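Engineer: Fold the following, please.
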Amino acid sequence: MAKLHALLHLPAKSTVTFIILIGLFLLCSRLADAQTGVCYGILGSNLPSPPEVVSLCLQHGIRSVRIYNPNPNILQALSGSKISVMVGIPNEDIPAIGKNPAVAQEWVQNNIRRFPGVSFKYIVVGNEINPLNPADAGIAPFVGPAMENIYSAVSGTIKVSTAISTGLLGQSYPPSAGAFRAEIAGFIGPIINFLKTHDSPLLANTYPFLAYAGDPSHISLEYALFTSPSAVVIDGPYKYQNLFDAILDAIHVALEKYGGQNVDVVVSETGWPTAGGPATTVDNARIYNNNLVNHVRGGTPRRPGKYIEAYIFDLIDEDQKSPELEKHWGVFYPNKQPKYQISFS
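Structural biologist: I've put the predicted structure just below:
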């Protein structure tokens, strides 16, 4: 209180200097947040150790990572690094957590509170669960309850969400027609209500590459790579020069139809592979990911000027994944050498 009283009586010149310093501090804080993160997968036979991976991230200015399960060795390595962490709850663990708040408390105790030095930003309850997929049918009903139980267990101190695939959209073209599949209303509705209530973002795995690879006769490579010289899709007052924005705005519109116009979307996975499929070259991956980092600063046509939080998949190639395409999404080789030059800020 004494310091505040003193500040209120600073000479005019000192007051201006103080205001400028505060402004610079706030700007630096926003710039620190406005960095593209990476997804850290571990399905590789020749990956560097977690401490080496954390050092690699710090060396290259990576300040946010997504991990898909609470691996204790990785969490221990991240402790004290100040890298913000998105940690996943594996799909198979969701029913037990959704059924029993005590199980949620135990999960949080073992995987969050046990690592006080880790800067947890999000807890992700499941990845790409689709209630229309028979393998997910027994899990989907428990996603919403599990989110509620985990939120209660962390007392609201960490944002809780789930990561969806864009396959849950029944309509995405044009973006103004964006809508979730009607058959999943009972699944997605409670999730969006949770996100609205607790001011949490929806996480979406968003891949222009997959859309391009699936329909190259109608989707140009330039539109997918952020390199189109002009708008490709005109949707009323909105002009789309890249597919990334079009997909994201289709999700925004789909959210609005459930009253989620104020729900942010975090791109929890995106990227471009360097081998294994059409147009999968190192140069195209370099172009896509560098353009992504630069593009997310400006928002989308429907949400201009709003920074898009995004995570590049993948940090390092994972040779134990299949099919072949899945092995080549890394920005780095397993020997920690970069495949191409990229800045994450």
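
Engineer: Give the next helix or strand downstream of the longest strand along the chain.
Structural biologist: Using DSSP state E to define each element, the chain has its longest strand at strand 119-127. Using DSSP states H and E, the helix or strand that directly follows strand 119-127 along the chain is helix 143-153.

Engineer: Does anything pack onto that next one? Which helices or strands?
Structural biologist: helix 94-99, helix 101-108, strand 119-127, strand 159-165, helix 185-198 (3 or more Cβ pairs under 8 Å, 6 or more residues apart in numbering; DSSP states H and E). No exception for glycine: its C-beta is placed from N, CA and C like everyone else's.

Engineer: Tabulate those (TSV), appending mean neighbour count.
Structural biologist: TSV is the format used below for the helices and strands packed on helix 143-153 (neighbours: other Cβ atoms under 10 Å):
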stretch	mean neighbour count
helix 94-99	20
helix 101-108	18
strand 119-127	23
strand 159-165	24
helix 185-198	17
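
Engineer: partners of the longest strand of the chain in the sheet?
Structural biologist: Taking DSSP bridges as the criterion, strand 119-127 forms sheet pairs with strand 84-89 (parallel), strand 159-165 (parallel).

Engineer: Taking helix 185-198 as reference, get the angle to the longest one.
Structural biologist: Spelled out, it's strand 159-165. When axes from the mean of the first three to the mean of the last three Cα atoms, to 10 degrees is applied, the directions of strand 159-165 and helix 185-198 differ by 150 degrees.

Engineer: Now strand 159-165: average pLDDT?
Structural biologist: Mean pLDDT, computed over strand 159-165, is 98.

Engineer: hey, where'd the strands end up in the chain?
Structural biologist: Under the criterion DSSP E, the chain carries strands at the ranges 37-39, 64-67, 84-89, 119-127, 159-165, 169-171, 179-180, 202-205, 233-235, 238-240, 265-270, 310-312.

Engineer: Go through those strands and name the closest to residue 282.
Structural biologist: strand 310-312 (14.5 Å; Cβ to Cβ).

Engineer: Off-centre distance for the closest one?
Structural biologist: Centroid displacement of strand 310-312 relative to its chain, using Cα atoms, centre = their mean, to the nearest Å, is 5 Å.

Engineer: Run me through the strand neighbours of it, direction for each.
Structural biologist: When pairing is defined by DSSP bridges, strand 310-312 lines up against strand 37-39 (parallel), strand 265-270 (parallel).

Engineer: Adding mean neighbour count, distance to residue 231 and mean pLDDT as columns, could you present those strands in JSON lines?
Structural biologist: Listed next are the strands paired with strand 310-312 as JSON lines, based on neighbours: other Cβ atoms under 10 Å; distance: least, Cβ to Cβ, whole Å; pLDDT from 0 to 100:
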{"stretch": "strand 37-39", "mean neighbour count": "25", "distance to residue 231": "29", "mean pLDDT": "98"}
{"stretch": "strand 265-270", "mean neighbour count": "25", "distance to residue 231": "21", "mean pLDDT": "98"}
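
Engineer: Brilliant, that's me finished.
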